[in-house]
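1. I'll drop the sequence and a predicted model, then ask my questions.
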2 protein chains.
Amino acid sequence: MAARSLIGIDLGATKIYATLLDGREVVAETKAKTPVRGGPLAVVEALRRAVEALGAPRKARLVGLGVPGAVDADGATVRSAPNLAGWVGPFDMGGALSDALEGRTVVVENDVNVGVYAEHALGVAHGAPDVLGVFVGTGVGGGLILDGALRRGPTGMAAEIGHVVVRPEGRACRCGGRGHVEAYAGRAAMERRARTLESRGRDTVLVDLAPARRMTSSVFARALAANDALAAELIEDAVAALGLAIAGAVTLLDLPLVVVGGGLADRLGADFVGRVEAVVRERVYRDSPVQVSPTALGDRGGAIGAALIAERRAS
Amino acid sequence: MAARSLIGIDLGATKIYATLLDGREVVAETKAKTPVRGGPLAVVEALRRAVEALGAPRKARLVGLGVPGAVDADGATVRSAPNLAGWVGPFDMGGALSDALEGRTVVVENDVNVGVYAEHALGVAHGAPDVLGVFVGTGVGGGLILDGALRRGPTGMAAEIGHVVVRPEGRACRCGGRGHVEAYAGRAAMERRARTLESRGRDTVLVDLAPARRMTSSVFARALAANDALAAELIEDAVAALGLAIAGAVTLLDLPLVVVGGGLADRLGADFVGRVEAVVRERVYRDSPVQVSPTALGDRGGAIGAALIAERRAS
């Protein structure tokens, strides 16, 4: 079979990244901002323009889309997407985007699932039977491949490692739970905690570096480089929470490999992932041979994985 | 196919339970004590006698054996069995028992795996695609069926939910870890804690009921019935630890069903399992429809599951 032309798109809360694949090779890519007004229809229009900007040939009939939300098993309906502005209730994203793209076949999947799928197909988890992907960004998401297949679970909610409890009496999570991984390792939760502690008199450069703007992963990296004690403490808590939850998953599933990616992990690099690995090794049952690794594909993984899942589903 | 005659044996740390199945029906059963001297060879002889006592016909050529230890994927080698006296290093249990039983085919599996397999085949998890079994006895073991198949994992150590961390700075576990479920919910750990606290002056009937003997599940049940505050506290801690770890597993795997069995859970009954379920529902991510249920087969499940796994493997 000749290599197929595939379109892969990663729809994030703040940006859209679209790619054109020829077989396994990226031959074009483009970026755009995610619309903050206009809800799902404005997003569809932005996605249409991104595909147009790719200069995708007519023969590229397959489009994979990763979205930050819960996607039904039909590969089309986005049930909820709390991080996308104006998104209320389920939306037939697959149908709407297919209509906007001249009837191309569109396959929609959760953004973390496409990321781990890409690492399994082409990245650091290539050839591994099982892999847990943990993506540390605004929140903390997870994707799980067991015996080569994505585990979605009966309700499609599998692998939500960000909402596993690591400290029973711990910090409140945005979802309403307590002591969840995301309450320690999600960038948004770390930002809230930094601002709260600063307002109570704690000295930190974090708020100086991001007085009104979002406290990005780069802000945390710069504060660490400046030996900011609060930044170091927040990262330490994040490492511990991630390590504990990952160790639990490894003990439960006997996983050989965990991949840690996402904006914060990518920005802080191998040192951060290495520290998570050290906690996992300390906390996992007996002498598990588990390895914890950074991603190989970085922030391109989502779009690539979306394209590959579309190809797999359509074949 | 005519219903097959199968032999199933549950080898426990203290007793042996053997059963003869005709198809799915138990037609004979027998019990014996597990030898505490003589190591693996004495155990093989005790198992041979138990099969003899069953009056198993010659045509019963298949024997399934559940053992409290780590079993290799070959279904024969017991790699380690820390709860069996005098058991050091790997032992070819399948080969030795087959020789003792006139060349019958023997399939060996972990005791918790056979228990959850039985509940899935004939018990409360019949028809469920996925089920986690948690067995609360001397220790806390787990067995996991995903998409209808037992998950063993690459090193055969999957489903060790007893050694998942629920309290990072919590009680020491016998395995060397800290804050593990088993350190709160295993009967042996509860007994150690009761004796320690009593020796420090804490008032409790637990030690009066078992001054020198093992503090059995019945002792805990009687102390609870007598409104013993320490017993209530230990059970409360066990319920919380089990609920937290199970909630984490459900969040990670999107499980529809968890079965809680084993000596302590069976003895304390539906009230105990119901309390575990309440913690799971409080701690699981969002509104998971998970159900937590007692076993249907009780302490017969292990032997029945061992027989059925032997049949499955041999077919």
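-> Yep, that arrived.
2. quick one: the spatially closest residue to A:Thr14 that is not a sequence neighbour from B:Ile304, how far?
-> Closest residue in space to A:Thr14, ignoring its immediate chain neighbours: A:Thr34 at 5.7 Å, by CB to CB, 6 or more residues apart in numbering or on different chains. Glycine gets a C-beta too; all of them are placed from N, C-alpha and C. A:Thr34 is 55 Å from B:Ile304, where distance means CB to CB, to the nearest Å.
3. rewinding a little: residue contacts, the residue nearest to A:Thr14?
-> Residues near A:Thr34 by CB atoms under 8 Å, 6 or more residues apart in numbering or on different chains: A:Leu11, A:Gly12, A:Ala13, A:Thr14, A:Lys15, A:Ile16, A:Val43, A:Ala46, A:Leu84.
4. Which strand or helix spans the residue of chain A positioned farthest from its centre?
-> What lies farthest from the middle of chain A is A:Gly201; by CA atoms, centre = their mean that is 33.4 Å. Assigned by DSSP states H and E, A:Gly201 falls within no helix or strand.
5. what's the pLDDT at it?
-> On pLDDT, A:Gly201 comes in at 97.
6. roughly how far apart are it and chain B?
-> Distance, A:Gly201 to chain B, by CB to the nearest CB, to the nearest Å: 27 Å.
7. what do you get for A:Ala53?
-> Counting by CB to the nearest CB - A:Ala53 and chain B are separated by 37 Å.
8. Tell me, how many residues neighbour that residue?
-> Each residue near A:Ala53 was counted by other CB atoms under 10 Å in any protein chain shown, and the total is 14.
9. May I ask you to confirm that it is in contact with A:Ala18?
-> Yes - using CB atoms under 8 Å, A:Ala53 is in contact with A:Ala18, at 7.4 Å.
10. Now for those two: what residues contact both?
-> A:Thr30, A:Ala32.
11. All the strands of the stretch 151-300 of chain A, residue numbers only.
-> For the stretch 151-300 of chain A, applying DSSP state E, counting those that start in this stretch gives strands covering A:257-261, A:291-294.
12. Of the ones you listed, flag the one that's most buried.
-> Of the strands of the stretch 151-300 of chain A, the one with the most neighbours on average (mean count of other CB atoms under 10 Å in any protein chain shown) is strand A:257-261, at a mean of 26.
13. How far does it sit from its chain's centre?
-> Mean-position distance between strand A:257-261 and its chain equals 11 Å (CA atoms, centre = their mean, to the nearest Å).
14. Okay, A:Val67 and chain B: tell me how far apart.
-> Look at A:Val67 and chain B: by CB to the nearest CB, they are 18 Å apart.
15. Next up, the contacts around the closest residue to chain B within the stretch 51-200 of chain A.
-> Per CB to the nearest CB, A:Gly153 is where the stretch 51-200 of chain A lies closest to chain B, at 2.3 Å. Counting by CB under 8 Å, 6+ apart, A:Gly153 touches A:Ala159, B:Asp130, B:Leu253, B:Asp254, B:Leu255.
16. Kindly report the residues of the stretch 51-200 of chain A close to chain B.
-> Within the stretch 51-200 of chain A, the positions lying close to chain B (CB under 8 Å from any CB of the partner chain) are A:129-130, A:142, A:144, A:146, A:151-161, A:163-168, A:175, A:177, A:180.
17. so A:Gly133, which of the three states?
-> What DSSP: H, G, I helix; E, B strand; the rest coil gives for A:Gly133 is strand.
18. Can you list the low-confidence ranges for chain A?
-> Where chain A drops to pLDDT under 70, the residues are A:1-3.
19. Okay, helices next: where are they in it?
-> Remark: helices assigned in chain A by DSSP state H are A:39-54, A:93-100, A:111-121, A:182-185, A:187-199, A:206-209, A:217-225, A:229-253, A:263-283, A:301-314.
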